[in-house]
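In: Build me a model from this:
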Amino acid sequence: MIDLTSDDLVIAPPSSLREGAIAALDAGTNHRIDFGGLAPLRKAVADKLANETDISWDPADIVITASADEAIIRTVLAILDPGDEAIIIRPCRPTFPILLLLAGVTPVLVDARRPRYLPDISAIRAAVTPKTKAIVINSPNDPTGAVYDRATLQKIGELAMRFQLWIISDERYSRFIFTGASHHQSIVMTHPDVRSLTIVVKAFSNELAATGWRLSYIAAPAEVAFAAKRLQSHTTTNPSAIAQHAILHHLQVSDGSFEREVHQRLAYARNVGLHILSDLRDVAISRADGSFFFYLDLSRLVSVLAAEGPIQSSDDIVRLLLDEANVKCVPGSVFGDVNGLRISFGAPPDLLEVGLRSIVKTLNRLRRS
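Out: Below you'll find the model as predicted:
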């Protein structure tokens, strides 16, 4: 079976991580550390963000967490109260509504505009109520691969400022943009006043092909970061000290070549994949501008097949692909979209090409039959 479902990159991490971890072990690093993360690592992250956004950041704005989703639940608990509402753009990561519900917050799902899956600003505005306290955005997006352009981010920022809404900006895939833009556009770069309302969530996991090391971070107004740190002190206490030393060492010695190599590999896989998928009939394909996912809109295909056969949704398509094409994909229902299909192009290149050709062959044969 060819597995094209993973959120992980099947790439060996840089040797600098191993070197940093071994050095920390040799130094006897085996105790708890600061709840918010190693001070030198928070300083390095603040400097890294300043370089990426052209905005100054202080180590007090940074909290190191064990994952991006942990960063989000820390944020939600720090800024929202039970009974509040938060808007999420759909399709979305399945963890977003779940984390809100865990905090007693009501998720309000607003559909993105196809075919590019960009936020519908008028629909977001219509969803705002007196209980709305936050908007959750995710660019580059999982599952659709959409990258929010500056104009879209500006409009979201203006809406947030108008209604004084928090913005939780999940930017874990910010290293993976394939649109030709020089670098990722964070919403904090669109207007000076947006930053005071924004909590940025980022991760080292995928950009360093080290998802098992479980290290991400929050960049937020200092008072929010302090609250998230306090919450962390009463739960996980601190993420792995060894992993933090490993990441710190990488940031200190890296020239960026590993990150560039990963980006080049994914850009090549994207181009090859889009070429193969272009042979699909009655299926719309997102541009995969960012992250490392292809997202297929099967609504037209399903509507044709549903009238006369057992295919009623993308769940049925996924089961068929598994049985007949020997390829495993993720149905859009996981992301709140019964007509979507997510395919990861982070898989090994040879398996990816075989898997995609098998998907195209199977779906086109299904349409003919």
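
In: got the buried residues for stretch 151-170?
Out: Under the neighbour-count criterion of 16 or more other Cβ atoms under 10 Å, stretch 151-170 has 152-157, 159-160, 165-170 buried. Backbone N, C-alpha and C define where each C-beta goes, glycine included.

In: Repeat that for stretch 281-292.
Out: 282, 283, 285, 286, 287, 288, 289, 290, 291, 292.

In: picking up where we left off before, keep only those of the buried residues of stretch 151-170 that are in helices.
Out: Those of the buried residues of stretch 151-170 mapping onto helices are 152, 153, 154, 155, 156, 157, 159, 160, per DSSP state H.

In: The second one reaches residue 185, doesn't it?
Out: Yes. Between residue 153 and residue 185 there is a contact at 6.2 Å, judged by Cβ atoms under 8 Å.

In: Find residues that contact each of the two.
Out: Applying Cβ atoms under 8 Å, 6 or more residues apart in numbering, one finds that residue 153 and residue 185 are jointly contacted by residue 139.

In: separation between residue 345 and residue 198?
Out: Counting by Cβ to Cβ, to the nearest Å, the separation of residue 345 from residue 198 is 29 Å.

In: can you put the buried residues of stretch 281-292 in a markdown table and add secondary structure?
Out: Formatted as a markdown table, these follow (DSSP: H, G, I helix; E, B strand; the rest coil):
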| residue | secondary structure |
| --- | --- |
| 282 | coil |
| 283 | coil |
| 285 | strand |
| 286 | coil |
| 287 | coil |
| 288 | coil |
| 289 | coil |
| 290 | strand |
| 291 | coil |
| 292 | coil |
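
In: thinking residue 170 is in contact with residue 135, fair?
Out: No. Using Cβ under 8 Å, residue 170 makes no contact with residue 135, being 11.3 Å away.

In: circling back to that earlier point, of residue 345 and residue 198, who's got more company?
Out: residue 345 (27 against 23; other Cβ atoms under 10 Å).

In: Check the spacing between the more buried one and residue 289 real quick.
Out: Residue 345 is 13 Å from residue 289, where distance means Cβ to Cβ.

In: Helix or strand for residue 64, just tell me which one.
Out: Here residue 64 sits within strand 62-65, counting by DSSP states H and E.

In: That should have said residue 362, apologies.
Out: With DSSP H and E as criterion, residue 362 is part of helix 349-368.

In: List the buried residues for that helix?
Out: Of all the residues in helix 349-368, those buried under the rule 16+ other Cβ under 10 Å are 352, 353, 354, 355, 356, 358, 359, 360, 362, 363, 364, 366.

In: Also stretch 20-28?
Out: 20, 21, 24.

In: Once you drop chain neighbours, what's closest to the first one?
Out: Using Cβ to Cβ, 6 or more residues apart in numbering and skipping the chain neighbours, the partner closest in space to residue 20 is residue 249 (2.7 Å).

In: pretty sure that neighbour is in contact with residue 23, am I right?
Out: Yes. Contact criterion Cβ under 8 Å: residue 249 and residue 23 qualify, at 6.6 Å.

In: before we move on, the earlier item: Serialize the buried residues of helix 349-368 to CSV and add fields for distance to residue 277.
Out: Converted to CSV, those look like this (distance: Cβ to Cβ, whole Å):
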residue, distance to residue 277
352, 11
353, 11
354, 14
355, 11
356, 6
358, 12
359, 8
360, 7
362, 13
363, 10
364, 11
366, 15
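
In: Residue 104: neighbouring residues, count only.
Out: Other residues lying near residue 104 total 13 when counted by other Cβ under 10 Å.

In: Thank you, goodbye.
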